[in-house]
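Visitor: Can you look at this prediction? I've put the sequence above it.
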Amino acid sequence: MLKLGWDLLWTIINLIILYLLMKKFLIGPITGIMEKRKNLIAQQFKDAETVQNQAQEMKTQYETALSGAKEESVQIIADARSDAKALGERTLKEANEKASRILENARNTAEQEKQNAMSGAKSEIADLALEAAKKLLSQGSSKEGNSMLYDQFLAETGDTDDRN
């Protein structure tokens, strides 16, 4: 059986004192450290969640801005295309008008030169005819003389006639 003696009592008292000392100097600080660690981990989780929420917000803003930028770039491209098309049409129209003016000027110049050439030719033919008439009157009228004057007239005007 169990014997209760002073040794057992001192052992129980020693164990109680040891327990109280361990509780005060060992278990208490370890529990405090564990509590601090638990709070630190909880705070880090809260911070991580806050950062994640901020990142999600920024991602949403970025996607919205990107979508707006895409729409804006599509609009800018469409505007640039319409401006380029209008510029091309205007340039083509101006080129066509300029070409028409140049053609009209060329036609007018050609017509004027033709008129000048015709006037000059008529004047020269009239002078030649007058000269032929003078020679005809000065030499008298004969068939050979007339033929010779006709051939000379044709030679001077640049036209030849092959006679039999």
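Guide: Done, it's in. Numbers count the residues shown, from 1 in each chain.
Visitor: Which strands or helices does the strand or helix carrying Ala133 pack on?
Guide: Assigned by DSSP states H and E, Ala133 belongs to helix 28-139. Where contact means 3 or more C-beta pairs under 8 Å, 6 or more residues apart in numbering; DSSP states H and E, helix 28-139 is packed against helix 143-157. Bear in mind the C-beta positions are built from the backbone N, C-alpha and C, glycine included.
Visitor: For the helix it packs on, the averaged confidence score.
Guide: Across helix 143-157, pLDDT averages out at 72.
Visitor: when you give positions from now on, start the count at 711
Guide: Let's use 711 as the start, then, which means that last one is helix 853-867.
Visitor: Mind checking the pLDDT average for stretch 784-796?
Guide: Mean pLDDT, stretch 784-796: 92.
Visitor: Centre of the chain to it, how far?
Guide: Per C-alpha atoms, centre = their mean, to the nearest Å, the displacement of stretch 784-796 from the mean C-alpha position of its chain is 8 Å.
Visitor: which residues touch it?
Guide: The contact list for stretch 784-796 (C-beta atoms under 8 Å, 6 or more residues apart in numbering) is empty.
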